[in-house]
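Participant: With the sequence up front, the predicted model follows.
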Amino acid sequence: MINSLIKPKPIFFIIIAIFLYSCSHEHTTKIAFGSCGHQDNPLPIFDVVVKHKPDLFVFLGDNIYGDTYNMDTLQAKYDKLSIKPTFQNLKKNIPIIATWDDHDFGIRMNKTRAAVEKTH
């Protein structure tokens, strides 16, 4: 019983391994963060991010402003972001990961939540 309690979980081991690896090298990892990138704006900040040469860019949500129930419209908004020269520059030069927030997947959550609450 005690042995199973102190046995490290696999994810904990991975975190320790990453930490030990980063401590054993002189390279400092740079991570850039961003959110609220409206697809109708030019988004020159992406070029600024690239100039700083981060090792990773993390979209923290509201990567576009979808705000629609229509999936064709939502796709068009993602397409609009993807063809921007500044976004293409970011994508070409920096690894990107992302998470979604309310604007990214359709109608904003608080609007949807309010509509559901009105019906109950």
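Facilitator: Received the coordinates, thanks. Residues are numbered from 1 along each chain as shown.

Participant: what's Lys91 in contact with, if anything?
Facilitator: For Lys91, the contacting residues are Ser82, by CB atoms under 8 Å, 6 or more residues apart in numbering. Just so you know, the C-beta spots here come from the backbone N, C-alpha and C atoms, and that holds for glycine as well.

Participant: Where does the prediction get shaky in this structure?
Facilitator: In the predicted model, the chain carries pLDDT under 70 at residues 1-26, 108-120.

Participant: Okay, helices next: where are they in it?
Facilitator: Using DSSP state H, the helices of the chain run over 2-6, 10-23, 45-51, 71-82, 85-93, 109-119.

Participant: burial measure for Thr99, as a count.
Facilitator: Applying other CB atoms under 10 Å, we find 11 other residues in the vicinity of Thr99.

Participant: so who does the closest residue in space to it that isn't next to it in sequence touch?
Facilitator: For Thr99, ignoring the flanking residues on the chain, the nearest one in space by CB to CB, 6 or more residues apart in numbering is Gly61 at 5.6 Å. Listed by CB under 8 Å, 6+ apart, the contact partners of Gly61 are Ser35, Ala98, Thr99, Trp100, Asp101, Asp102, His103, Asp104.

Participant: One more pass at 10 Å, please.
Facilitator: When contacts are counted by CB atoms under 10 Å, 6 or more residues apart in numbering, Gly61 touches Gly34, Ser35, Cys36, Gly37, Ala98, Thr99, Trp100, Asp101, Asp102, His103, Asp104.
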